[in-house]
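*Asks:* Next come a sequence and a model predicted from it.
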Amino acid sequence: MVPESVGEHSSQCFVVMPFGKNQQEQRWYRGWYQQVIDIAVRNSGYFPILSALENSPNSINDEIRTYLAYDAMVVVDLGGITAN
């Protein structure tokens with residue numbers, strides 16, 4: 001069953017990416033999101049919804065399932081910070 005609010009999902013892009021284990025990693029991922037992913041998604045005509053900003057970034061709840069099922073686009077960043 002498609003929710004009534006599915007129309008709003010046609011302009012959304014759900015972004016799934018690591019959150020970071022410590023403050024340094026969290027800053028790095030936040031910067032990566034702001035400087036690369038957010039800009040690319042917006043330039044593509046979509047509104048980004050970042051999974052890490054949801055109330056429980058470590059759980060897959062009904063809200064996240066809805067984003068995955070109905071958003072027009074989903075970006076999953078499987079990359080990470082490389083050790084030097």
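*Replies:* Done, it's in.
*Asks:* buried set for stretch 69-84?
*Replies:* In terms of neighbour count (16 or more other Cβ atoms under 10 Å), stretch 69-84 has its buried residues at Tyr70, Asp71, Met73, Val75. Every residue, glycine included, has its C-beta placed from N, CA and C.
*Asks:* for this protein, what are the low-confidence residue spans?
*Replies:* Across the chain, the ranges flagged by pLDDT under 70 are 1-6, 52-60, 81-84.
*Asks:* can you give me the helices for it?
*Replies:* With DSSP state H as the criterion, the chain has helices at 6-9, 23-32, 38-43, 62-70.
*Asks:* Contacts only, for the most centrally placed residue in the chain.
*Replies:* The residue lying closest to the centre of the chain (Cα atoms, centre = their mean) is Val15, at 1.9 Å. Val15 is in contact with Tyr33, Ile37, Val41, Pro48, Ile49, Leu50, Ser51, Val74, Val75, Val76, Asp77, counting by Cβ atoms under 8 Å, 6 or more residues apart in numbering.
*Asks:* For the fifth one, which non-adjacent residue is closest in space?
*Replies:* So the one you mean is Ile49. Once flanking residues are discounted, Ile49 sits nearest to Phe14: 5.0 Å by Cβ to Cβ, 6 or more residues apart in numbering.
*Asks:* and if you look at the last one?
*Replies:* The spatial neighbour of Asp77 that comes closest, neighbours along the chain excluded (Cβ to Cβ, 6+ apart), is Met17 at 3.7 Å.
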